[in-house]
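1. Here is my input, please return the structure:
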Amino acid sequence: MGSDEGAEDIGTDLGGQGWGATRSWVEKGLAEGERVEKAVRLRGGWTSEMRRLELRGPGGRRPLVLRSFVKPFFRRHAEGLLTREAAVLRLLADTDVPAASLVAVDATARYCDHPSLLMSLLPGTVRLGDTGADARADLLARQLVRIHRLPVTAQQRPRTYQAWASPERVTVPAATERPELWQRAVDVIRREPPAWQGCFLHRDFHPGNVLFTGTDDDPRISGIVDWVETSWGPADLDVAHCSTALALLHGVPAGMRFADRYVAAGGTLAEDTADHLHWRLLDALGFAPDAEKVAVPWRELGRVDLTAGVLTRRLEEYIASLFSRYA
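-> I've put the predicted structure just below:
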């Protein structure tokens, strides 16, 4: 999250969310004489609570970012998520990927009120508006190619990807007039996954996890955040996730164009269109029926036009377009 994106000043008690132990943990790791002067909640998160911490000490002021898992579901899985993110941030420190620097992690809440990770603050802001979306999409495609090309050793390789949808868990929109379309999509992911060639995946790469600086006409990526789901798997899966998000944010054509942008940037996708369709639908169906998991943070960041109805219609139209092109 950028330094000012969706910020809400909540002082030093973090709104009474059990800050005492976490603040002590943070301050024990700071330079001598440094302390937390202010905490600012950063809006736009879904899995965790994000806060910018303003530090003050003999050397002046500096910011850090604190990620804390508070929701019961994510707290139960926090050890794996935060341990993985910490390892990925250490790995990325030696690359040209603009990721935060790891400061400290308490993945099991041994010292903190909630499982937490402390990292540096990246410059820039999340940009979700339609203005400048095409220019940003080109940058997203080029950045994703670079992420997929990261060389990792067998020891550094992250876990194999996990599917975020299954035939049994798909919720079809109640008001759909095309139930046969949804059933057809579910039948595609019911089959065994295609064979794939693995690469390093961000796994949650979409406009809400990318920071930009510059103007709408000349944007620049300044940071990639949220590495808790980093995985090993087919490039098609990362492309599918960003494509779905773009279709929901900016309309179906934007989502349909992203794979072409990725290939034009030098990326490689499955040669068999049926294989590529599998990965695209596996991702899209994970958003059914109304894309709530992204709708809530997107609306907090200003996209109040993205109602459940709008997103449900876009998702259905996107699935239909996928069949038209790839089936």
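2. Show me the strands in the stretch 151-300 of the chain, by range?
-> Secondary structure of the stretch 151-300 of the chain by DSSP state E, counting those that start in this stretch: the strands cover 198-201, 210-214, 219-224, 231-234.
3. Put together CSV for these, with mean pLDDT, mean neighbour count and distance to V103 on each row.
-> C-betas here are computed from N, CA, C, even on glycine. Formatted as CSV, those follow (pLDDT from 0 to 100; neighbours: other C-beta atoms under 10 Å; distance: least, C-beta to C-beta, whole Å):
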stretch, mean pLDDT, mean neighbour count, distance to V103
strand 198-201, 97, 21, 23
strand 210-214, 97, 20, 18
strand 219-224, 98, 19, 15
strand 231-234, 98, 21, 24
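4. Reformat the ones you listed as TSV; add distance to R142.
-> Below are the strands of the stretch 151-300 of the chain laid out as TSV (distance: least, C-beta to C-beta, whole Å):
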stretch	distance to R142
strand 198-201	15
strand 210-214	12
strand 219-224	9
strand 231-234	19
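5. of all those, which lies closest to L301?
-> strand 210-214 (12.2 Å; C-beta to C-beta).
6. Run through this protein and note the low-pLDDT ranges.
-> Low-confidence segments of the chain (pLDDT under 70): 1-17, 44.
7. For it, which helix extends over the most residues?
-> Secondary structure of the chain read by DSSP state H shows that its longest helix is helix 308-326.
8. What are the buried residues along it?
-> Across helix 308-326, burial judged by 16 or more other C-beta atoms under 10 Å covers L311, T312, R313, R314, L315, E316, E317, Y318, I319, S321, L322, Y326.
9. coming back round to it: nearest to A265, of the strands of the stretch 151-300 of the chain?
-> Of all the strands of the stretch 151-300 of the chain, it is strand 219-224 that lies closest to A265, at 12.8 Å by C-beta to C-beta.
10. What strands flank that closest one, and is each parallel or antiparallel?
-> When pairing is defined by DSSP bridges, strand 219-224 lines up against strand 210-214 (antiparallel).
11. show me the residues around the most centrally placed residue in the chain that make contact.
-> For the chain, the residue nearest the mean C-alpha position is D204 (3.8 Å; C-alpha atoms, centre = their mean). D204 is in contact with D226, V228, E229, H241, counting by C-beta atoms under 8 Å, 6 or more residues apart in numbering.
12. chain center to the longest helix of the chain, what's the gap?
-> 21 Å (C-alpha atoms, centre = their mean, to the nearest Å).
13. Please save the CA atoms from it in CSV.
-> Written as CSV, here are the backbone C-alpha positions of helix 308-326 (Å, rounded to 0.1, in the frame of the first residue of the first chain):
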residue,chain,number,x,y,z
ALA,A,308,-22.3,-6.6,-6.5
GLY,A,309,-24.7,-6.4,-9.5
VAL,A,310,-22.1,-4.8,-11.8
LEU,A,311,-19.4,-7.2,-10.9
THR,A,312,-21.7,-10.3,-11.2
ARG,A,313,-22.7,-9.2,-14.7
ARG,A,314,-19.1,-8.5,-15.7
LEU,A,315,-18.0,-11.8,-14.4
GLU,A,316,-20.6,-13.7,-16.3
GLU,A,317,-19.9,-11.8,-19.5
TYR,A,318,-16.2,-12.5,-19.1
ILE,A,319,-16.8,-16.2,-18.7
ALA,A,320,-18.9,-16.1,-21.9
SER,A,321,-16.1,-14.3,-23.7
LEU,A,322,-13.5,-16.8,-22.6
PHE,A,323,-15.6,-19.6,-24.2
SER,A,324,-16.0,-17.6,-27.4
ARG,A,325,-12.3,-17.1,-27.8
TYR,A,326,-10.7,-20.2,-26.4
